[in-house]
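Q: from the sequence below, what's the structure:
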Amino acid sequence: MSQDQEKDASMDKKEIAEEEREKMLNEENTKHTGSTPATDETEEKPKKKIPIGGIKMPGFCRTKSKEPCKEEGKAETTEEPGAEGTKEENLTEKPTTPSKEKEKEKEARRGLLNAIRLPLVSVFPKKKKETDAELGATAGLASVETLGDGAEKPDTEDGMETVRLDGGDQTEDPPSKNHPLAVFIAAARRNRLVTAAVLLILLIFIIIISVACAGPQQLIKAPVKDGKVEATTSCGPVQGVLEDGGFAFRGIPYALPPVNNSRWKPAESLNRIEYCWNGTYLAHNSSEFCWQRDPSGRVSGSEDCLYLDVFTPQVHYYSPLPVVVMIGAETMSGGSPGVMQPSAKLARVRDMVFVRPNFRLGVFGFLAAEPLTRSSYPPTSGNYGLSDIIAVLKWVQLNIQHFGGDKDSVTIWGHRAGGTLVSAILASRQGKEKDNDKKLFSRAWISSSSVLFPTKPLNASERMAESFFNNIQCREISCLRSKSAESIMEAVPSNWYQHDTGLPEPREASSAEWRHEWLVNDGLIIYEDILHVLQRDGPPVLTVMGTTAHAATPQRFREPNATIDAAQVERIVRDSLLGTSGLADEAIARYNATLKGLVSMISDIRVVCPLWNFTKSVSNEDRDVPFYLSTQPRGHLADVDDDVASMLGSYTARAPEQKRHVSAIQQLFNQFVWHGKIVDAANVPKSRTVIVVGQDILPQRDHDNCDFWIKNNIVPRYARLD
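A: Take a look at the predicted model:
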């Protein structure tokens, strides 16, 4: 109710109350025509009555001045004729004129109503305006005439209760002020919608501040319980273990087992719900390697081998780390993973995520045969091991973010035969994807790989399998798939396996048909000559290639106590293709007739110079392929695994120069994986730069010995074939 409405109602009440009072005074005057006799002091005083609508409230009659309320509390009676006693004893007043009474009554009511207005308005809810009749009735009941100083509750005819509202205190109380909190609460009640909106905004603000202060890592960081941690994959949750401050997930399946009817078929990813597992997959233990034959001739492995290991410093989603996928194999038929074995400690120290997969090798991974071609669509065979690696890269793109890795920063690292496979993937259709959403990796590091790639068409590779079919005595696909894995490994011709090679032999100059090529131009993954594709288009991503100074050292010279004299060195050189080609004398003069000179000569012809020449041929104006050469020996030679051992931290550095070498090559590798950069040589054309990594990184313009072998057509013709 507005203030104007309240004022009108108050004035109406005053006027009605005045009329009622005049009626009551007239009635009293008719009853008492004279002065009444004085009463005894013990006689009960007349009680003042209040209506039922009155309430017992302290300070009901408190105003700024209590005089009006005091006068209202006195009994207004006239003195009867013949009454005895003094004026004080009669306790009555003479009747006054109506005009003076009205003025006194107005002042009394104004003080009374002002005293009760604020408490009543703040306590009782507002109601709609009452009618004149209701206001009149109410005013009659609340007449000031009924308010007095009586202290007892007599029985009356109308059931009214007589109460003492003022308590008889004649002292003036100071005006009371509302507490600021009470004023605020009252305002909030009057504006409920605004108050609710403000409270809601404050609540949202508090929640936002709380989440920001807590930090995102508290919400998206996988918990560790009893040394175990879980991560999510597209096929369900997997559980890894805490090791050396990092986490290891071993034996996670990435494709269907290539057994029974899936033998000699491309890898089939786990892209259907029935291929997945129920519950949590326990990735605690290493899986078996795929069937292979190591350089010593030992055969071992399993067909159900398509699993991978993930090593990560932390399982979280914020600040994803670069990923390194490691493809390691000494040859196309075995020695996998070789030295390429990461650990949880390595992941923690390098702050990277490492993925190491198993993939098919040898006869199970690269057999091209006419029965297999006829049984597949499109009609092709071979390169099953390549399809495994491509399936791994697809798995990484789909799942590695759940292990703390960045799918947009994936480096594929191939060593030895693994590097040859990475080169093949660079030239494949999958490797040539230009769309960032379809790219399987963003960088490539290739160490000590071969540069000899298949040049034969598919039907020529199929004819190469005749000796195998003669040994297995089986030509139908159903028969081949019914054979045991052991019998198939035994049927592989011995000349399919590569052995340690020294200097080129004279027979190699006549024909290369005697060498078995595992990779196949299948028309599906490798659709044209790998070297031609890379020379024409260049690598599709940032690529680094390199090797060690003694990468092709024969096994008999790797022993710490191996010795050979100058005469023996000269005889080996002259009996080789170099002697028949008239290059023996100059070769000995360049390298010296020592053990180190001999293994350096073999390594330059078989690995170092072919790779150096390859990087020059595939580099172009848009993209350069740097070449590095690790020269610091771990023992008496810088063997083929020294650079990888240094990068992985398994190189035991004792001497100061060894420690400097390890630090230099790790810096080279880490900078490439993290930032895609490598050391540039100042003022030297990039395509002619060799980054020599000894005790320090020292770029140099050329490799003179390589120029000699290239000029004489020894390199790359007699490069090592994996």
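Q: got a pLDDT number for the residue most central in space within the chain?
A: The structure's the chain has its C-alpha centroid closest to residue 317; by C-alpha atoms, centre = their mean the separation is 1.3 Å. Residue 317 is assigned 90 on the pLDDT scale.
Q: for it, give its distance to residue 231.
A: 11 Å (C-beta to C-beta, to the nearest Å). C-beta: built from backbone N, CA, C; applies to glycine.
Q: equivalent analysis for residue 444, please.
A: For residue 444, the distance to residue 231 - C-beta to C-beta - is 26 Å.
Q: what does residue 352 give?
A: For residue 352 relative to residue 231 (C-beta to C-beta), the value is 16 Å.
Q: same thing with residue 186?
A: In terms of C-beta to C-beta, residue 186 sits 58 Å off from residue 231.
Q: what about these two, which has more around it?
A: residue 231 (23 against 13; other C-beta atoms under 10 Å).
Q: now for residue 452: which residues touch it?
A: Going by C-beta atoms under 8 Å, 6 or more residues apart in numbering, residue 452 touches 610, 716, 719, 720, 721, 722.
Q: so which of these belong to helices?
A: Within the contacts of residue 452, residues falling in helices by DSSP state H are residue 610.
Q: just the pLDDT for residue 509.
A: 81.
Q: now name the helix or strand holding it.
A: Per DSSP states H and E: residue 509 is located in helix 507-510.
Q: residues of that helix that come out buried?
A: residue 508 (16 or more other C-beta atoms under 10 Å).
Q: likewise stretch 465-476?
A: 465, 467, 468, 472, 474.
Q: thinking the first one is in contact with residue 371, fair?
A: No. Taking contacts as C-beta atoms under 8 Å, residue 465 lies outside contact range of residue 371: 9.1 Å.
Q: neighbours around residue 369, how many?
A: Applying other C-beta under 10 Å, I find that residue 369 has 23 neighbouring residues.
Q: ditto for the one 5 residues further on
A: By the criterion of other C-beta under 10 Å, residue 374 has 12 neighbours.
Q: can you point me to the longest strand in this structure?
A: strand 405-416 (DSSP state E).
Q: please report how far the residue nearest to residue 556 when sequence neighbours are not counted lies from residue 652.
A: Spatially, and ignoring its direct neighbours in sequence, residue 556 is nearest to residue 562 (6.6 Å; C-beta to C-beta, 6 or more residues apart in numbering). From residue 562 across to residue 652, the span is 20 Å (C-beta to C-beta).
Q: between the two, who's got more neighbours?
A: residue 562 (15 against 10).
Q: where exactly do the strands run in the stretch 351-500 of the chain?
A: Taking DSSP state E, counting those that start in this stretch, the strands of the stretch 351-500 of the chain run over residues 353-357, 405-416, 443-447.
Q: out of those, nearest to residue 197?
A: Closest of these to residue 197 is strand 405-416, at 43.0 Å (criterion: C-beta to C-beta).
Q: returning to what we had before: my guess is the residue nearest to residue 556 is in a helix, correct?
A: No. According to DSSP: H, G, I helix; E, B strand; the rest coil, residue 562 belongs to no helix; its state is coil.
Q: got any ranges where the chain has weak pLDDT?
A: For the chain, applying pLDDT under 70 flags the ranges 1-12, 27-177, 211-222, 434-437, 500, 511-514, 680-688.
Q: could you redo the last one with a cut-off of 50?
A: For the chain, applying pLDDT under 50 flags the ranges 33-98, 112, 116, 118-172, 216-219, 681-682.
Q: still on that earlier bit, now list whatever residues contact both of residue 317 and residue 231.
A: Contact criterion C-beta under 8 Å, 6+ apart; residues shared by residue 317 and residue 231: residue 402.
Q: give me the contacts around stretch 608-618.
A: 448-452, 531, 534-535, 538-539, 545-547, 549, 551-552, 625-627, 629, 687-688, 690, 703, 705-706, 709-710, 715-716, 719-720.
Q: in helices, which of those appear?
A: Those of the contacts of stretch 608-618 lying in helices (DSSP H): 531, 534, 535, 705, 706, 709, 710.
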